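*Asks:* got a sequence here, can you model it:
(2 chains)
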Number of protein chains: 2
Amino acid sequence: MYQPRLATKEDMPRVYELIKELAIFEKEPDAVEVTVEQLVQDGYGKQPKFVCFVVEVNNKVEGLALIYTRYSTWKGEVIHLEDLIVSQALRGKGLGTVLLDEVVKHGKQKDVKRISWEVLDWNESAIKFYEKKGANVMRDWDVVQMDSKAIDNYISKL
Amino acid sequence: MYQPRLATKEDMPRVYELIKELAIFEKEPDAVEVTVEQLVQDGYGKQPKFVCFVVEVNNKVEGLALIYTRYSTWKGEVIHLEDLIVSQALRGKGLGTVLLDEVVKHGKQKDVKRISWEVLDWNESAIKFYEKKGANVMRDWDVVQMDSKAIDNYISKL
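*Replies:* Just a heads-up that it's a prediction; the model follows:
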C-alpha cells in the first residue's frame, strides 16, 4: 500500500509539475501563475498558507493533496481540498484513495464539520470516485470568480 | 450613499441573525451550527479566521460581507467571499453593491489575482447581479462537500 507523507520544500518542483499537468487536463494550460519559489514561500513560511500531502511510487512523487482551512458561517472552520492530483500515467492504482484517506483523517483529527472541494462537471471519473467515497457533488452550487482583469475593471468604475 | 465598515464583536449577534436568515432563504434552516460566541471567538482572536464588513440603515446592520483568504495553486493567495447578505426587507437599495465594492477594494489592496464565491444556480437575481458586476459564474464547476456524517462514515471504513 502506498504511504502518503507531508510534502517538504524539496518536493515543490515536482508539486509544481503536477499542478501544471492538471491545468492542462482542465484545459487551462496558461492559468498557472504561481512559481516553485512562491509555493515554497507560501507553504513553508511562518504562517503556512497550505498543507500538502504527497505519495511516491518508485521514489517519485506521483500524487498530491493540497488543503487549507476555510471559514463556514454555518459550520465554523472547515477544510478545503484545493487539489487532489495523481499523475496521468499512474491513475487507477489507488493513489487518489490513499491521498483522500489522509485528507479525511486530517479533517477528523481537526474535528471539522465539513471537507469541501470543487470538481468540473464533465470530469465524470472524478465525480464517480467522489460519490463512491460518500461526498456530495452539489450540482446546484456554482463557483463564481472575479479574476485580475475583472477586479481592475471593477475598480476603474468606482 | 451607504457607508460600509468593519464589523466589531458587538455586531456578531446581528450578523448571526442575517446568517440564519440566509440559511432559511437557501432552504437549509437547520444547517447553521455556529453560535454568536463562536463567531466572536473565530473572528476576533489572535488569528482571526475571517474579516466581516457590515452596512447599516437607520443604525441597524442590514447587510454583511464575510471574507477570508484561500490558496489557489494557480494564483497564490486569493480572497473568498463566503457570504454576501442583505436583509430581505432591504433588498434592491444598493446595499449589496456597496458591500461588494468594499470586498473588491480590499482584494485590490491585497493585490490578489482572484476573488471567488459560490452561488445557488436557481438564485437568478444573485447571478444576474454578479454577472453585471463582471464576475464569471462558472456553471461547469460544482461544489463538493463531505459533511460530519460522511467524514465519520469514511473513517469507520478505513
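*Asks:* residue A:114 against residue B:146, yeah?
*Replies:* Yes: Residue A:114 lies in contact with residue B:146 (C-beta atoms under 8 Å); the separation is 6.9 Å. The C-beta positions use only the backbone N, C-alpha and C, and glycine is treated the same way.
*Asks:* quick one, helices of chain A?
*Replies:* Using DSSP state H, the helices of chain A run over residues A:12-25, A:36-43, A:95-109, A:124-132, A:148-156.
*Asks:* circling back: neighbour count: residue A:114 and residue B:146, which is higher?
*Replies:* residue B:146 (28 against 21; other C-beta atoms under 10 Å in any protein chain shown).
*Asks:* distance of that one from residue A:37?
*Replies:* From residue B:146 across to residue A:37, the span is 33 Å (C-beta to C-beta, to the nearest Å).
*Asks:* please apply the same query to residue A:119.
*Replies:* Residue A:119 is 29 Å from residue A:37, by C-beta to C-beta.
*Asks:* compare those two and say which is more crowded by neighbours.
*Replies:* Shown here are residue A:119 and residue A:37; by other C-beta under 10 Å, residue A:119 has more neighbours (22 against 10).
*Asks:* quickly list what the more buried one is bridged to.
*Replies:* Beta-bridge pairing for residue A:119 (DSSP bridges): residue B:142.
*Asks:* ok, now residue A:69?
*Replies:* residue A:79.
*Asks:* mind pulling up the pLDDT for it?
*Replies:* Residue A:69 carries a pLDDT value of 98.
*Asks:* next, count neighbours for it.
*Replies:* Neighbours of residue A:69 using other C-beta under 10 Å come to 18.
*Asks:* quick check: it touching residue B:50?
*Replies:* No: checked against C-beta under 8 Å, the pair residue A:69 and residue B:50 is beyond contact range at 10.7 Å.
*Asks:* how about low-confidence regions in chain A?
*Replies:* Chain A contains no residues with pLDDT under 70.
*Asks:* 90 instead, please
*Replies:* For chain A, the stretches with pLDDT under 90 are A:1, A:25-26, A:29.
*Asks:* in it, which residue is closest to the centre?
*Replies:* Centroid-nearest residue in chain A, with C-alpha atoms, centre = their mean: residue A:83, separated by 1.5 Å.
*Asks:* nearest residue to that one other than its sequence neighbours?
*Replies:* residue A:66 (4.6 Å; C-beta to C-beta, 6 or more residues apart in numbering or on different chains).
*Asks:* let's have the helices of chain A in CSV, adding distance to residue A:88.
*Replies:* Listed next are the helices of chain A as CSV, based on distance: least, C-beta to C-beta, whole Å:
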stretch, distance to residue A:88
helix A:12-25, 7
helix A:36-43, 20
helix A:95-109, 11
helix A:124-132, 12
helix A:148-156, 29
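*Asks:* just name the most buried of these.
*Replies:* Among the helices of chain A, helix A:95-109 has the highest mean neighbour count (mean count of other C-beta atoms under 10 Å in any protein chain shown), at a mean of 20.
*Asks:* so how far is that one off the chain centroid?
*Replies:* Chain-centre distance of helix A:95-109: 12 Å, with C-alpha atoms, centre = their mean, to the nearest Å.
*Asks:* equivalent analysis for stretch A:37-54, please.
*Replies:* 13 Å.
*Asks:* that one vs chain B: in contact?
*Replies:* Yes: legend: contact between stretch A:37-54 and chain B by C-beta under 8 Å from any C-beta of the partner chain is shown at A:38, A:39, A:42, A:49, A:50.
*Asks:* quick check, nearest of the residues you listed to residue B:11?
*Replies:* residue A:49 (27.5 Å; C-beta to C-beta).
*Asks:* any idea how many residues pack against that closest one?
*Replies:* Residue neighbour count, defined by other C-beta under 10 Å, stands at 17 for residue A:49.
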